[in-house]
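[1] what's the 3D shape of this:
(chains A and B)
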Protein chains: 2
Amino acid sequence: MSLTGNMLIAGAATLGDREVIQGINPATNEKLAPNYPGGNATHVDAACEAAWAAFDSYRETSIETRAAFLDAIADEIEAIGDALIDRAVEESGLPRARIQGERGRTCGQLRTFARTVRSGEWLDPRVDNALPERQPLPRADLRQRQVAVGPVAVFGASNFPLAFSVAGGDTASALAAGCPVVVKAHSAHPGTSELVGNAIARAVQKAGLPAGVFSLLFGSGREVGITLVNNPRIKAVGFTGSRSGGMALLRAAQARPEPIPVYAEMSSINPVFLFPAALKARAEALGKGFIGSLTLGSGQFCTNPGLVIALKGADLDRFMTSATETIANSQAQTMLTPGIFAAYQSGVSAIESHASKVANGQTATGPNQCQAQLFTTTAAEFLKNEALQAEIFGSSSLVVQCDTEAEIRQVAEHLEGQLTATLQIDEADIPAAKQLVPTLERKAGRLLVNGWPTGVEVCDAMVHGGPFPATSDTRTTSVGTAAILRFLRPVCYQDFPDSLLPDAIQHSNPLGLRRLVDGVREA
Amino acid sequence: MSLTGNMLIAGAATLGDREVIQGINPATNEKLAPNYPGGNATHVDAACEAAWAAFDSYRETSIETRAAFLDAIADEIEAIGDALIDRAVEESGLPRARIQGERGRTCGQLRTFARTVRSGEWLDPRVDNALPERQPLPRADLRQRQVAVGPVAVFGASNFPLAFSVAGGDTASALAAGCPVVVKAHSAHPGTSELVGNAIARAVQKAGLPAGVFSLLFGSGREVGITLVNNPRIKAVGFTGSRSGGMALLRAAQARPEPIPVYAEMSSINPVFLFPAALKARAEALGKGFIGSLTLGSGQFCTNPGLVIALKGADLDRFMTSATETIANSQAQTMLTPGIFAAYQSGVSAIESHASKVANGQTATGPNQCQAQLFTTTAAEFLKNEALQAEIFGSSSLVVQCDTEAEIRQVAEHLEGQLTATLQIDEADIPAAKQLVPTLERKAGRLLVNGWPTGVEVCDAMVHGGPFPATSDTRTTSVGTAAILRFLRPVCYQDFPDSLLPDAIQHSNPLGLRRLVDGVREA
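    The predicted structure is shown next:
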């Protein structure tokens, strides 16, 4: 399983001919072999045509074939063994235990989607039987199921080289829905991407699926990415990354002759509201917990707590003291790439002119290390300065000190859309929390009580999404089993004979699904 | 219930001050009193602010309150009695029986959404219980439900002055989802709109709901429409109408600082494929049935069969003869508006230079009457001339004569997205139909066997949608109960105490919903 530097176009190893990408070990700035030359427009076209050729047959694979394929991808990823862990650690600078855990999460996610496929609920089968005697007009026999939207372009994220990358949540949910996938690898971890891409290709082959079900492209700059989104064979896009990157893809997709949906998970500062009774009861513990969440993985999470909102006073001062002491002990950690480190430094510099510095973590002892930062400002200042809502990707956070409860509500209403919003409350805070929850439901995809937003469970109830600019499509989630719904569309069949109907909606219900029949859900 | 010419802003009758709209009786070109002065940007703003003020409480109304409200709208519409029928007939030129039927459909649709609300399935409640002992990390308690996206702008359609207008499918599904609605009335039927708008306002008042739940605006030109879509309080748009109109709203919505979803149902020519055995067995009956569907309601349906595709030969000649005889007997019928009539005339003129005229219906005997038209062309010509795919709103259709089955498949692949695609088949055609169905599933939202596409049932299994340009969002339907899903988004609650949780996902399941609990659907 040595690395080759090849892309993977419908199972064929293919060397690019554009600007070379190289993995970089951010802990040492050492460049990692091999070279990954970027693809060109012809490569994009080939991958999309292969995906298109595979689409009609892949989308009609049986439930079991498709579920077994997802399980097989997980098996193949695990079978790579330490080579995958070693390379991902090298390319990301993330601790080995974190990468091991992420591999578990990635494979668990694939198997969770296999279970979701097997449940068949995603088919949403609906049957309205014919009513030939109805007056004034008879009713035809009408049946609905969900079908895959078409080939999906997936953009790997930098911060989860496994779980949000080549075989991450977007790929898993698109494949689960019956969509072929063309991945544009993130340039921060090309070797990891090649290893995982090959694992998927092996699973495609073992399952006897058409090779076009999966392709993997490399490319620096925007050529490959925008060309991919513009390709008429591509029918949806999954992306996790920066607001500017997501917006560029969204704008391209909207400008196509046929606009397509873009599921871009972009920007969130994940406000945490500290309520008075909770703050009085446990200001010190909250300060510690907050800094723990803020500095986890150098703060390189979409759900990093970048904003804290509370009433000013003695209890908030205790929280600040605790946070200051804790952050002061936090070691600088290597960030994912030199570019991300530079952006963090520049984000921190920018906020320094708008807010007051409270404390920082330990200084860097090596290249690309994130020194945690804590700032504070007043509600009045926050409300008038949009710059204070900009996401800083890394361990930097801002505490907004409010004079009144009304000001807290104003700050909440003033927030842009978020992935998460957190309430730290005690029993006595519940009436006040109840007043704030409706606002937060409008602002965020996930609301937490007495936790910290980092850590996103892959399960049925998860929402990793939220109003713009947290995502480009607030009706969905990119983590959890509901993510499959992003890649489906309904088709209705009127008066079809059984021999032409898909099995999910044939008269005899051969798949044994709980269908909605004449307005009643089957038991 | 005399007409006043007022808009209705959160229950308050409000006279506009812009260009006056008047209903016109298209059968006589007579202008109908009263005048409806258009609204201005301040009116739009007031309606949107009222909708916003109503949103948090309306979206949390109980299932029964909301369902009863929808039922009450239907009751109030029926209570208007003949005044509504009279006015709608005058403004639309449609036959009285058709308008009476449409009122039945409209009220039935509202009651169907009431039943859908009562089922609670739209809440999609998901529960993943806490796993405090799980290794390596515990799982939090995670619960998901759907919430309303926010106030919705609805644009009434010209061709269904009741069923796709002020209290039509978009309004019913948005209200069902918990979204306040601001309707921009179609200028073709302002009096009908006022009557229905007042019926909704009475239902709002009787249900004790905040008045901002519903507003009705008038406005010619684009000022009111684009201002409405641009208002930051509006979070989704429903539209049925022309491709140019839908695209203008879509582009405006995409260009907002916060892009929002637009559900525009726009353009479809609804191909009908005549298979050899069916054609041999019943060419004459097919010809009659086709012209019946084509000339129904002057062809003013989104699902009008504007394209027929078949192998050329003796059996197709029989079909053409039958169609020619039938269309020759079809009386010219009054179209909805002078503008729609002019557009029809101009569409027919345009296609005359691209295709061969086969036959036409009887000539007009009054103003604005649609003379049905039948054209034919070859597959080769169809494949190279995009103008032949343009929708002509009215009773005009094009028969594409193919030399080979391969050419039929080429034509099918060449089609833009459609609301419907129809297969006329006999038993012997099933193998060939099976080959075509995968293409048609990619092209259309509803596939029919041995029927005609006009007539759209309001039920659970209906899809009135399809790939672009049939609609701007292929993942949805604008008719049928699944339309409610357009106006919902998921929210996840992590470790919430019951006292802060919405009832749909409280621990004791007080609503008795079939929830997805730890991966298993409750019985």
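
[2] do I have it right that A:Arg222 meets A:Ala248?
    Yes - using C-beta atoms under 8 Å, A:Arg222 is in contact with A:Ala248, at 7.0 Å. Using the backbone N, CA and C atoms, a C-beta is placed for each residue, glycine as well.

[3] out of these two, which sits in the busier spot?
    A direct count of neighbours by other C-beta atoms under 10 Å in any protein chain shown for A:Arg222 and A:Ala248 places A:Ala248 higher, at 17 against 13.

[4] tell me what the host helix or strand of that one is packed against?
    A:Ala248 is part of helix A:243-255 when elements are defined by DSSP states H and E. Judged by 3 or more C-beta pairs under 8 Å, 6 or more residues apart in numbering or on different chains; DSSP states H and E, helix A:243-255 is in contact with helix A:223-230, strand A:236-240, strand A:262-265.

[5] so what's the residue count around the residue nearest to A:Leu488 when sequence neighbours are not counted?
    Once flanking residues are discounted, A:Leu488 sits nearest to A:Gln146: 4.0 Å by C-beta to C-beta, 6 or more residues apart in numbering or on different chains. Per other C-beta under 10 Å, the neighbour tally for A:Gln146 reads 22.

[6] same list, the helices and strands packed on helix A:243-255, but as TSV with mean pLDDT and mean neighbour count please.
    Below are the helices and strands packed on helix A:243-255 laid out as TSV (pLDDT from 0 to 100; neighbours: other C-beta atoms under 10 Å in any protein chain shown):
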stretch	mean pLDDT	mean neighbour count
helix A:223-230	96	22
strand A:236-240	98	28
strand A:262-265	98	27
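
[7] need the ones you listed in a markdown table (columns: distance to chain B).
    As requested, these are arranged in a markdown table below (distance: least, C-beta to the nearest C-beta, whole Å):
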| stretch | distance to chain B |
| --- | --- |
| helix A:223-230 | 15 |
| strand A:236-240 | 9 |
| strand A:262-265 | 10 |
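
[8] between the ones you listed, which one is nearest to A:Ile99?
    Closest of the helices and strands packed on helix A:243-255 to A:Ile99 is strand A:236-240, at 17.5 Å (criterion: C-beta to C-beta).

[9] and for that closest one, what's in contact with it?
    With contact meaning C-beta atoms under 8 Å, 6 or more residues apart in numbering or on different chains, strand A:236-240 is reached by A:149-150, A:152-155, A:157, A:160, A:164, A:168, A:170-171, A:173-174, A:179, A:229, A:245-246, A:249, A:253, A:260-266, A:302, A:478, A:486-487.

[10] A:Trp452 and A:Thr295 touch, don't they?
    No - counting by C-beta under 8 Å, A:Trp452 stays clear of A:Thr295, with 11.2 Å between them.

[11] who's more crowded, those two?
    A:Thr295 (24 against 21).

[12] related to what we said a few turns ago, now render the helices and strands packed on helix A:243-255 as TSV, adding distance to A:Leu388.
    Formatted as TSV, the helices and strands packed on helix A:243-255 follow (distance: least, C-beta to C-beta, whole Å):
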stretch	distance to A:Leu388
helix A:223-230	30
strand A:236-240	24
strand A:262-265	22
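
[13] just checking, next helix/strand downstream of the host helix or strand of A:Arg118?
    Element membership of A:Arg118 [criterion: DSSP H and E] is helix A:96-119. The first helix or strand that comes after helix A:96-119 along the chain, using DSSP H and E, is strand A:126-128.

[14] which helices and strands sit right next to that next one?
    In terms of contacts (3+ C-beta pairs under 8 Å, 6+ apart), strand A:126-128 is packed against strand A:142-148, strand A:516-517.

[15] mean neighbour count, these: which tops it?
    strand A:142-148 (a mean of 25; mean count of other C-beta atoms under 10 Å in any protein chain shown).

[16] neighbouring strands of it in the sheet, and parallel or not?
    strand A:126-128 (antiparallel), strand A:488-494 (antiparallel) (DSSP bridges).

[17] distance from it to the middle of the chain?
    Its chain's C-alpha centre and that of strand A:142-148 lie 27 Å apart, by C-alpha atoms, centre = their mean, to the nearest Å.

[18] kindly report the same for stretch A:74-93.
    Per C-alpha atoms, centre = their mean, the centroid offset for stretch A:74-93 relative to its chain is 20 Å.

[19] tell me if that stretch is near chain B.
    No - using C-beta under 8 Å from any C-beta of the partner chain, stretch A:74-93 stays clear of chain B, with a minimum separation of 15.8 Å.

[20] quick one on the thing from earlier: out of the helices and strands packed on helix A:243-255, flag the one nearest A:Pro26.
    strand A:236-240 (19.1 Å).

[21] how many neighbouring residues does A:Leu513 have?
    19.

[22] tally of neighbours for A:Thr404?
    For A:Thr404, the neighbour count with other C-beta under 10 Å is 11.

[23] how about it, nearest residue that isn't a chain neighbour?
    A:Leu311 (7.5 Å).

[24] that neighbour and A:Glu405 touch, don't they?
    Yes - using C-beta under 8 Å, A:Leu311 is in contact with A:Glu405, at 7.0 Å.

[25] the two: who's more crowded?
    A count of neighbours by other C-beta under 10 Å puts A:Leu311 above the other of A:Leu311 and A:Glu405, at 18 against 14.

[26] confirm A:Thr422 sits in a strand?
    Yes - using DSSP: H, G, I helix; E, B strand; the rest coil, the secondary structure at A:Thr422 is a strand.

[27] so it sits right up against A:Gly455, yeah?
    No - if you go by C-beta under 8 Å, A:Thr422 and A:Gly455 don't touch, sitting 11.7 Å apart.

[28] neighbour count: these two, which is higher?
    A:Thr422 (30 against 15).

[29] which of the three states applies to A:His507?
    Per three-state DSSP, A:His507 ends up coil.

[30] which residues of the stretch 251-400 of chain A lie near chain B?
    Within reach of chain B by C-beta under 8 Å from any C-beta, the stretch 251-400 of chain A has these residues: A:254, A:258-259, A:261.

[31] neighbour-wise, give me the winner out of those residues.
    A:Pro261 (25 neighbours).

[32] domain parsing for chain A?
    As given by automatic domain parsing, the domain ranges for chain A are A:11-266+A:475-486, A:271-449.

[33] distance to B:Arg98 added to those, as a markdown table?
    Listed next are these as a markdown table, based on distance: least, C-beta to C-beta, whole Å:
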| stretch | distance to B:Arg98 |
| --- | --- |
| domain A:11-266+A:475-486 | 11 |
| domain A:271-449 | 42 |
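
[34] can you tell me which of the ones you listed is most buried?
    Greatest average neighbour count among these goes to domain A:11-266+A:475-486 (a mean of 22), per mean count of other C-beta under 10 Å.

[35] follow-up on the earlier one: which among the helices and strands packed on helix A:243-255 is found nearest to B:Gly466?
    Of the helices and strands packed on helix A:243-255, nearest to B:Gly466 by C-beta to C-beta is strand A:236-240, at 15.6 Å.

[36] tilt between the closest one and helix A:243-255?
    170 degrees (axes from the mean of the first three to the mean of the last three C-alpha atoms, to 10 degrees).

[37] how far does strand A:236-240 sit from the chain's center?
    The answer for strand A:236-240 is 9 Å, by C-alpha atoms, centre = their mean.

[38] good, wrapping up.
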